[in-house]
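S.K.: dropping a prediction and its sequence here:
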Amino acid sequence: MPVITTNTASNSALRYLNINSASQSDSVSKIASGSRITKASDDAAGLAVGTSLQSDITVLNQAATNASHGSSILQTADGGMSSISDMVQRMRSLATQSLSGSVTDNERSYLDAEFQQLSEEIDGVASGTRFNDVSLLDGTGNWATGVDFRVGTTSTDNINVSIAATTTTSLGISTLDVSTSATAAAALTALDSAVTSLSDARADVGALISRFEFRSDMIDTTIENTEAAQSDIMDVDVAEEQSKLSSTKVLTQAAIAVLSQANSMPENLLSLLR
């Protein structure tokens, strides 16, 4: 029934125009942001899961950095141990030379001079092998008792790193000398034990480096899979959203045209009164 007091057609056209315009704005917002969820009402459950996954990704990226730092620290420690091992081997050579009947006590004093310098240098390397200005091999910091590295998203994802002290005192070679045949024999026995201790310490360090490397690979894989899952939930399908945008554009334009015609209807009815 044609009336002039209430333009029902215009109201209906306006309502659909608002709906289509809002849908068009949503599509534009999603395409521009690259996200399928631009507000909580788009997908409340998806937003919660996606946010949780993003939090995990952030933590895992830091865990990867932690694992890298752990490996770097251990490699630094192993470098120091390698130098100390070379010096211990040289000290064994000097002790063995001092045990030779072809040298005199006078010559043994020369051998002992180098022997004592190497002993001091072992302690120097143990103290000077540092990471972040903290000594790794002198047994004075937390490294001897153990330090935890968080390498995952939960409190159980830790790798405990302990590094054995490799000073002359901890190796049992702090009071040795090769100035006589007798003391050289005792020194050689102690140095053989020190070599075993160093080998065990380096083996432990090497095992931890290997563990960190495998954990780093696992973290990288987990990050990749978690990012893929987060993308499936949060990222917009551009092709699908562009198709929706094209459709809503047509509907919006149609609603505008119909609204214009609906607004002219009362004027057309008034012409009947003329």
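M.R.: Looks like it arrived, so ask away.
S.K.: skipping its backbone neighbours, what lies nearest V238 in space?
M.R.: Closest residue to V238 apart from its sequence neighbours, by Cβ to Cβ, 6 or more residues apart in numbering: I31 at 6.2 Å. Any C-beta I mention is one placed from the backbone N, CA and C, and that applies to glycine too.
S.K.: burial measure for the one you found, as a count.
M.R.: The local packing of I31 (other Cβ atoms under 10 Å) involves 16 other residues.
S.K.: how about T129?
M.R.: So T129, with other Cβ under 10 Å, has 21 neighbours.
S.K.: just V236 next, same as before
M.R.: V236, neighbours per other Cβ under 10 Å, totals 19.
S.K.: and it, what pLDDT?
M.R.: V236 is assigned 76 on the pLDDT scale.
S.K.: with N7 instead?
M.R.: Value for N7, per-residue pLDDT: 60.
S.K.: could we number from 806 for the rest of this?
M.R.: Taking 806 as the first residue, the last one we looked at is N812.
S.K.: hmm, who's touching stretch 852-870?
M.R.: For stretch 852-870, the external contacting residues (Cβ atoms under 8 Å, 6 or more residues apart in numbering) are 842, 845, 955-958, 962, 1021, 1024-1025, 1027-1028, 1031-1032, 1034-1035, 1038-1039.
S.K.: doesn't E1045 make contact with the residue nearest to V1043?
M.R.: No. Checked against Cβ atoms under 8 Å, the pair I836 and E1045 is beyond contact range at 10.2 Å.
S.K.: tell me where this structure has helices.
M.R.: 813-838, 849-903, 910-933, 973-976, 986-1039, 1043-1075 (DSSP state H).
S.K.: T901 versus the residue nearest to V1043, what's the distance?
M.R.: Distance of I836 to T901, given as Cβ to Cβ, to the nearest Å: 78 Å.
S.K.: also S826?
M.R.: Going from S826 to T901 by Cβ to Cβ gives 93 Å.
S.K.: before we move on, what about M886?
M.R.: Following Cβ to Cβ, the distance that separates M886 from T901 is 22 Å.
S.K.: what about the two, which has more around it?
M.R.: Per other Cβ under 10 Å, whichever of M886 and T901 has more neighbours is M886, with 24 against 15.
S.K.: picking that back up, CSV for the helices of the chain, including distance to G951?
M.R.: Converted to CSV, the helices of the chain look like this (distance: least, Cβ to Cβ, whole Å):
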stretch, distance to G951
helix 813-838, 46
helix 849-903, 12
helix 910-933, 18
helix 973-976, 16
helix 986-1039, 11
helix 1043-1075, 50
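S.K.: between those, which one is closest to V939.
M.R.: Nearest to V939, of all those, is helix 849-903, at 9.3 Å by Cβ to Cβ.
S.K.: and the contacts of stretch 945-954?
M.R.: Applying Cβ under 8 Å, 6+ apart, the external contacts of stretch 945-954 come out as 871-872, 874-875, 882, 939-942, 963-970, 1017.
S.K.: all set now, cheers.
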